[in-house]
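Enquirer: Quick one: sequence plus predicted model below, questions after.
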2 protein chains.
Amino acid sequence: MSNQPLPSPAEDYSGWYNDIVYRADLCEQSPVRGCIIIKPYGYEIWEGIKNALDMRFKATGHSNAYFPLFIPMSYLQREAEHVEGFSPELAVVTIGGGETLAEPLVVRPTSETIIGEAFAKWIQSYRDLPLLMNQWANVVRWEMRTRPFLRTAEFLWQEGHTAHATHDEAEAETLQMLDVYADMAINVAAIPVIKGQKAESEKFAGALRTYSIEAMMGDKKALQSGTSHNLGQNFAKAFNIQYLDRGNQLQHCWTTSWGLSTRMVGAVIMAHGDEKGLRLPPRLAPIQVVIVPIFKNDDERGKVMEAAERIHKTLAGAGIRVKVDERDDLSPGFKYNDWEMRGVPVRLEVGPKDVVNNVVMSARRDMGKEGKRSLPQEGIVASVTALLDEIQASLLAQATAFRDANIFDVKTYDELKQVVEAGGFARGWYAGEKEEDKRIKNDTGATHRCFPLEQPGDGGACFLTSKPAARVALFAKAY
Amino acid sequence: MSNQPLPSPAEDYSGWYNDIVYRADLCEQSPVRGCIIIKPYGYEIWEGIKNALDMRFKATGHSNAYFPLFIPMSYLQREAEHVEGFSPELAVVTIGGGETLAEPLVVRPTSETIIGEAFAKWIQSYRDLPLLMNQWANVVRWEMRTRPFLRTAEFLWQEGHTAHATHDEAEAETLQMLDVYADMAINVAAIPVIKGQKAESEKFAGALRTYSIEAMMGDKKALQSGTSHNLGQNFAKAFNIQYLDRGNQLQHCWTTSWGLSTRMVGAVIMAHGDEKGLRLPPRLAPIQVVIVPIFKNDDERGKVMEAAERIHKTLAGAGIRVKVDERDDLSPGFKYNDWEMRGVPVRLEVGPKDVVNNVVMSARRDMGKEGKRSLPQEGIVASVTALLDEIQASLLAQATAFRDANIFDVKTYDELKQVVEAGGFARGWYAGEKEEDKRIKNDTGATHRCFPLEQPGDGGACFLTSKPAARVALFAKAY
């Protein structure tokens, strides 16, 4: 813990990010290459995301289950694109119980294959469909370059897996779960994500179509924050997931999968953080309100602490996540900085005068001094609840304004290059395919983020090839 | 799904257990040796256990965190007994990202070592103590003989890890968490566990003292259902977990760890199940109430379904987990058997006469025909809630009576042999040590379960050696 300033996000965003995750006590490097330790404060943010999603998954008819961590190597090989996509990233168990295994086991990088095998057993007829499952799990992808939360060798996530009778039902499920992700991102994490379809060059290994939610970070780069895949019949054919339809004909199922990971914690940090540290949306903040008592002597201390404890009890009783900072050896100013670093949305200062006047001084993490307001102790639950709602809305509004100010329409390749160079998302009519995506990436460092689901009109000339294009695409540098 | 009877638990307990886990749809064998797939119905029971524990951990001041799945092999070797205990059971990753690793990584069998390393960094002074953490995770132990839920190569669990300034504080924590386990087992799972201290021969590899909760299964065997370890300073010394005390002296910490796993699902099955299948305690039952509509024609169907839906809505609105069995192609009798197999505590039958009379017929899973009662539809929430409470209490009372009727005091080794032969727990004054534990195990197949914390008096003559003994011990065959 220290009160040193962070590196300026404007000058050194990467240094700022690396500092903030440690200084706000979210995580720590572990002795295992590419793996982090998620500390309680970081884990609670993940628990908030997890609970918000789990509730939504159950409300849309999904059940949780748990499948093995290990997958026989031969399973991955059954879907050609899938094994090609994941082979370079695998961690492989070759020894078990002191003996070399006859068939090496892969530590799951994702579970389409082992779940596909189970689905094939469980599904007999149209009556068994749709089959809607989710699993909360750890997965391992042996990444060469890792960054806390954003890209780690092991990460926590959920992976949904479903099977359907028709293409259209699978597509509807894929889009429904994309909506669930967007709803959580926007209304819980206060991140105004853009829903879109991934280009061929960026889709999941083995999918028919991949959709994602893309978020803009504080440095105007993109972060893919969740993906939803229509797997078509690819895995159904590889694993013989078949059903007897109403006409007693054997058909291959249509399957989907969708995942969101601890990467989302990184999105929260970078979508909202500022030069003072984290700014947490109230709905995800492990501590929504911190009470800092202010006193000079034991007499004042007694009165102030009594009031602080009383307010703590009142707020906690109303379900507000609140903490009194009782640390004796630190000044109020130091404590303010410390809780600002940790992104606590509301600070309540209680001094001797406040006790006399039956008020507290409130400060908002999303505003400076102009956000300070004296609140009567009477009715504190209602006024703090209103403040938290305002802050939740304000963070979303700020992030939305920032995003909208940094998406630029481009008509030519030169314009795209300028946007990418200056920072931001470039949006333009686009008829390019894999080759063109690759060229743009090589030339500019920007990748094809998606074709947004919300499209501006009937089509136009491709900014790159001048061919007629039916959709606009987004390009940006990305994490 | 079938209505075939289960093997008789009296004649073939093992066959009964193996059948019930599949027939009640709790889990399935996976293609990976020793690993099961936990299906939604089984996973929901685990979620119930998890939520009950997580709430209790948080209420006693513990925070959740997440540590890496992989542990460098050298870490395990730092605590001599620990590595000796776990070496035969390790799964080892030797290849990552296509290359042979310089140091093999062990898939965690438990996390004392990697968490110990982190604690050593985080703890500086007495102000950092106690440090109270928990992690929900998967672990892998390469077991040769596996059984669904009871012993699987991969299993889900929580592992608590704490550090303290003194032996006594660590001991108090160890016993507090044992109490938390017992409270959950007794008051949520309705299993009357016995708290006790493990013998030297049965303690955790690297611990000073191990405590456990032991439960009696339906075949009178014991199941260790949770363990809590006072690790002394063993891991603190191996990992340099030190703190500056108030006198500015560097001291080694005293650490604890405690774990409870998906094995508990097995305990629920075997503590309560009967010849018809599962019997789930209402507090853990994924479905607490099933409504079975009964009708002969479309006219009856309309009226009955309307009532069933209305009752469903009323109960669900009150937070009761309720389901209407709408399956068209199955008879009511088949449905009764099916839900009995799955252990649903309360069944409500709704037929045309019930609709006319504004009643439903209720049946209790813990009783036969004598438990059937007609309930007015008016006030159904209160009457069903009362029924669920009665069933919860009745399952605990039945299991307690069964346990108490099958613990026998023994004064001689012959008496112990008779008890073990006939089935049950043998309790007797005992002054034996590792050698004697081993002899009893070899002779009878029974293991030293624990020295119960609740002791009957001041001491007596050891049933085996006739030496003066300070404590009674429990012996039983065990899972």
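Expert: That came in fine, so what should we check first?
Enquirer: buried ones in stretch A:125-144?
Expert: Going by neighbour count (16 or more other CB atoms under 10 Å in any protein chain shown), the buried part of stretch A:125-144 is A:126, A:129-143. (Glycine included, C-beta is placed from N, CA and C.)
Enquirer: got it, and stretch A:216-224?
Expert: Those would be A:M216, A:M217, A:G218, A:K220, A:K221, A:A222, A:L223, A:Q224, for stretch A:216-224 by 16+ other CB under 10 Å.
Enquirer: swap in stretch A:465-479?
Expert: Buried residues in stretch A:465-479 (16+ other CB under 10 Å): A:A469, A:R471, A:V472, A:A473, A:L474, A:F475, A:A476, A:K477, A:A478, A:Y479.
Enquirer: first to last residue in it, what's the distance?
Expert: 27 Å (CA to CA, to the nearest Å).
Enquirer: so who does A:E309 touch?
Expert: Applying CB atoms under 8 Å, 6 or more residues apart in numbering or on different chains to A:E309 gives the contacts A:V324.
Enquirer: Out of the buried residues of stretch A:465-479, which sit inside strands?
Expert: Judged by DSSP state E, the subset of those located in strands is A:A469, A:R471, A:V472, A:A473, A:L474, A:F475, A:A476.
Enquirer: Check which helices and strands the helix or strand hosting A:W46 sits against.
Expert: Taking DSSP states H and E as the definition, A:W46 sits inside helix A:40-59. Judged by 3 or more CB pairs under 8 Å, 6 or more residues apart in numbering or on different chains; DSSP states H and E, helix A:40-59 is in contact with strand A:131-140, strand A:154-164, helix A:167-187, helix A:263-272, strand B:63-64.
Enquirer: got the contact list for A:S111?
Expert: So A:S111 contacts A:F67, A:I71, A:Q135, A:A137, A:V139, A:E159, A:H161 (CB under 8 Å, 6+ apart).
Enquirer: can I assume the second one sits in a strand?
Expert: Just to be clear, that refers to A:I71. Yes - counting by DSSP: H, G, I helix; E, B strand; the rest coil, A:I71 is part of a strand.
Enquirer: For the closest residue to A:K372 other than its chain neighbours, list each beta-bridge partner.
Expert: Using CB to CB, 6 or more residues apart in numbering or on different chains and skipping the chain neighbours, the partner closest in space to A:K372 is A:A363 (5.1 Å). Residues in a beta bridge with A:A363, per DSSP bridges, are A:R347.
Enquirer: Now do the phi/psi pair for A:F408.
Expert: phi -120, psi 130 (degrees, to the nearest 10).
Enquirer: And for it, the neighbour number?
Expert: 17 (other CB atoms under 10 Å in any protein chain shown).
Enquirer: I'd say it and A:F425 touch.
Expert: Yes - counting by CB atoms under 8 Å, A:F408 does reach A:F425; the two are 7.2 Å apart.
Enquirer: Need the residues touching each of those two.
Expert: Common neighbours of A:F408 and A:F425 (CB under 8 Å, 6+ apart) are A:V419.
Enquirer: out of the contacts of A:S111, who's near chain B?
Expert: A:F67, A:I71, A:A137 (CB under 8 Å from any CB of the partner chain).
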